[in-house]
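[1] Sequence first, predicted coordinates after that:
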Amino acid sequence: TIVAAPGVGNGGQIYAGWQLQWKSLSFNASAQRTFGAYNDLASVTAHVTPPASLGVYPNQGVPTYGTIGPPRMLAQFGVTALLPGDHGSASLNFVNSKTDSRQTSKIVGFSYARSLPLRSTFFLTGFADFGTIRNRGVFVSLNVPITDAIYASAGAAYDGRQGATGTLNVTKSQPAQDGTYGWRLYDAEGASPMRLASGSYRSGLGEIGGKIQQNKRNVLASASYDGSLAVMGGGLVVGNKVNESFAVVDVGKPGVAVLQDNREVGKTNIFGKAMVTNLRANEANSIQVDPSNLSTTEDLAVTSARVV
């Protein structure tokens, strides 16, 4: 396809793309050219500072803030291959671009990924830039699940300008259910050393979290709370952060399990109410109350409902 878009003033942009799938190979190529005073929405609204990595500093007479336009020329080509025998996939790509300031990037990149035993994965990628800012780098990582909820990854990276860095990351994911917790341990050594430890706990009253981070000689500690407050049904209800939509379930008895789409998401508070905060907006959601938490003398008129 070819698309032309006029800009503000005398200018425009033209783009052409091509894709081909042949057996286990995928090819893609694209070209983009910008003419005149064309600026897209991103370039008009973006404010950037000259990066120190380019050797540009405010005291050199360069404005601290400015705008960056779309590339005057951008050409890309790539090929991806699925290797036989379940040996993963490999890709090779090339990017050639030129900016308004005549800075060029001529980047050759490659990547390789494959699955390993024990549900682990291996990833390797590298690049070399032969443009105005010459650089090269490589990154390798190994990801291994320790349990269904705990994952570990180890990686090593080399950048021609920043040097080598090794990383180790262990994470426990946190389900979107009350009474659950998650944590993360991260360590990076080498050119960019950093250590981090964080954790969070989710209850029916919200989610609390804490983090401590060391970056060279600086140590940062922080704490957070995410939750919501609703005045609904003749009372005040505290719950977790609302993403799209929510509902308040009034059972009249504390400690009763509340389910969303047949999955327990929390229990009623001391006032017999619970806030369900992960409802999908403008869609039908199924909410249930577990009657096994009720005694034989207690009865509810409704134990399930579909709400939008």
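    Arrived safely, thanks for sending.
[2] Flag the shaky bits of the stretch 101-250 of the chain, pLDDT-wise.
    233-234 (pLDDT under 70).
[3] so where do the strands sit in it?
    Taking DSSP state E, counting those that start in this stretch as the test, the strands found in the stretch 101-250 of the chain are 104-115, 121-129, 135-145, 150-159, 163-172, 180-190, 194-203, 206-215, 218-226, 228-232, 235-239, 245-250.
[4] would you turn the ones you listed into TSV with distance to Phe35?
    (Glycine included, C-beta is placed from N, CA and C.) Shown next, in TSV, are the strands of the stretch 101-250 of the chain (distance: least, Cβ to Cβ, whole Å):
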stretch	distance to Phe35
strand 104-115	18
strand 121-129	26
strand 135-145	29
strand 150-159	35
strand 163-172	41
strand 180-190	44
strand 194-203	44
strand 206-215	44
strand 218-226	47
strand 228-232	50
strand 235-239	54
strand 245-250	46
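[5] Can you convert these into JSON lines and add a column each for mean neighbour count and distance to Gln288?
    Listed next are these as JSON lines, based on neighbours: other Cβ atoms under 10 Å; distance: least, Cβ to Cβ, whole Å:
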{"stretch": "strand 104-115", "mean neighbour count": "16", "distance to Gln288": "38"}
{"stretch": "strand 121-129", "mean neighbour count": "16", "distance to Gln288": "37"}
{"stretch": "strand 135-145", "mean neighbour count": "16", "distance to Gln288": "31"}
{"stretch": "strand 150-159", "mean neighbour count": "16", "distance to Gln288": "30"}
{"stretch": "strand 163-172", "mean neighbour count": "16", "distance to Gln288": "28"}
{"stretch": "strand 180-190", "mean neighbour count": "16", "distance to Gln288": "19"}
{"stretch": "strand 194-203", "mean neighbour count": "17", "distance to Gln288": "20"}
{"stretch": "strand 206-215", "mean neighbour count": "16", "distance to Gln288": "23"}
{"stretch": "strand 218-226", "mean neighbour count": "10", "distance to Gln288": "25"}
{"stretch": "strand 228-232", "mean neighbour count": "13", "distance to Gln288": "19"}
{"stretch": "strand 235-239", "mean neighbour count": "16", "distance to Gln288": "17"}
{"stretch": "strand 245-250", "mean neighbour count": "18", "distance to Gln288": "9"}
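[6] Out of these, flag the one nearest Arg72.
    strand 104-115 (10.0 Å; Cβ to Cβ).
[7] Check the offset of that closest one from the chain's centre.
    Once both centres are worked out by Cα atoms, centre = their mean, to the nearest Å, strand 104-115 turns out to sit 21 Å from its chain's centre.
[8] Quick one: closest of the strands of the stretch 101-250 of the chain to Ala305.
    strand 245-250 (8.6 Å).
[9] and that closest one with strand 235-239, angle?
    For strand 245-250 and strand 235-239, the angle between their directions (axes from the mean of the first three to the mean of the last three Cα atoms, to 10 degrees) works out to 120 degrees.
[10] Direction included, what does strand 245-250 pair against?
    strand 273-279 (antiparallel) (DSSP bridges).
[11] what's the strand it pairs with in contact with?
    176, 204, 228, 230, 233, 235, 237-251, 256, 258, 260, 265-268, 285, 287, 307 (Cβ atoms under 8 Å, 6 or more residues apart in numbering).
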